[in-house]
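J.: Using only what follows, build the 3D model:
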Amino acid sequence: MAGPVGNVSLLVHACAAMVIVAETGLIAYRFYVWKKNAKSRKKAVFHKVLFFPDQKIPCQRYLLSPQGCARKNCSYSHDWSSSFAQLMKHVITAKRSIYLCMFSVTCNELAMAVLQKFRQGAVVRVITDTEYMNLNGSRIADFMNQGIEVRHDRSSYLMHHKFLIIDEKVVVTGSFNWTHAAVIGNNENVLVTNHPDVLDPYLAEYKKLWKMFKVNFN
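T.: Numbers count the residues shown, from 1 in each chain. Just a heads-up that it's a prediction; the model follows:
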């Protein structure tokens with residue numbers, strides 16, 4: 001028959017065993033949560049590659065108006081599967097912010113989509129090339145007139161980037177300038193992804209340029 005000392009020893013061992021079991025269970029649970037979250041993150045990551053040119057200029061009413069296009073014989077594209085329509089989807093679904101870093105902006109449909117999101121309350125910032133922002137057809141002046149902050153390089157070289165960051169969660173990048181020639185004429189490519197290995201460097205580059213060009217605002 002165990003004495004008081006023996007009972008205490010048994011109790012200590014029992015408590016130690018319970019602690020080990022509890023810690024093992026906690027470790028297992030943490031591993032389960034980590035694995036589940038990692039799986040969710042993996043599922044959430046996406047990549048989309050778009051190629052141009054498209055066959056037709058898209059219908060602005062069809063893409064941007066809540067009522068769509070009511071014209072029976074509209075000569076513009078109503079194809080939501082086109083590369084341009086898919087690109088537009090990412091712009092018009094922005095909720096919080098649009099960071100545009102674009103060499104040339106003359107495409108009316110994309111410019112109108114950005115202005116629409118700005119009026120709806122999204123933070124819009126634009127970085128562009130000084131020389132090209134002053135060419136005929138550029139929509140940069142429209143952005144500035146509506147109150148969008150635009151910064152540019154004022155350099156003898158080119159601000160030749162062509163990328164867009166949406167809600168700081170998705171990057172759209174490639175050879176594609178925001179021009180009609182890029183939509184229906186040129187051979188162009190666009191990558192859309194939220195993969196952090198791609199997104200994070202672009203976001204860092206944007207913030208660097210935004211700070212760098214601050215003195216050149218307007």
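J.: hey, let's count contacts and neighbours off CA atoms from now on
T.: Will do.
J.: first to last residue in stretch 169-178, what's the distance?
T.: In stretch 169-178, first residue to last residue: 21 Å (C-alpha to C-alpha, to the nearest Å).
J.: oh sorry, the question was meant for stretch 138-156
T.: This stretch, stretch 138-156, spans 19 Å end to end (C-alpha to C-alpha).
J.: Can you list phi and psi of the residue nearest to W178 when sequence neighbours are not counted for me?
T.: Among residues not flanking W178 along the chain, V105 sits closest, at 4.7 Å (C-alpha to C-alpha, 6 or more residues apart in numbering). With angles defined as degrees, to the nearest 10, V105 sits at phi -130, psi 100.
J.: For N73, what is the enclosing helix or strand?
T.: For N73, there is no enclosing helix or strand under DSSP states H and E.
J.: per-residue confidence for the residue nearest to W178?
T.: The model reports V105 with a pLDDT of 98.
J.: Spatially nearest residue to the residue nearest in space to the middle of the chain, not counting backbone neighbours?
T.: Ranked by distance to the mean C-alpha position of the chain (C-alpha atoms, centre = their mean), the top residue is V170 at 2.4 Å. Leaving aside its chain neighbours, V170 sits nearest to N194 (4.4 Å; criterion: C-alpha to C-alpha, 6+ apart).
J.: Which of the residues in stretch 86-96 are classified as buried?
T.: Buried residues in stretch 86-96, counted by 16 or more other C-alpha atoms under 10 Å: 87-88, 90-92, 94.
J.: I'd say the residue nearest to the centre of the chain and V198 touch.
T.: No - using C-alpha atoms under 8 Å, V170 is not in contact with V198, being 9.3 Å away.
J.: The closest residue to D167 other than its chain neighbours: what's it in contact with?
T.: Nearest in space to D167, with sequence neighbours left out and distances taken as C-alpha to C-alpha, 6+ apart, is S97 at 4.6 Å. With contact set as C-alpha atoms under 8 Å, 6 or more residues apart in numbering, S97 has these partners: 122-124, 166-168.
J.: closest to Q146 among these?
T.: Nearest to Q146 out of the contacts of S97 is V124 (C-alpha to C-alpha; 11.0 Å).
J.: which non-adjacent residue is nearest A182?
T.: Leaving aside its chain neighbours, A182 sits nearest to F176 (6.1 Å; criterion: C-alpha to C-alpha, 6+ apart).
J.: That neighbour: neighbouring residues, count only.
T.: By other C-alpha atoms under 10 Å, 25 other residues sit near F176.
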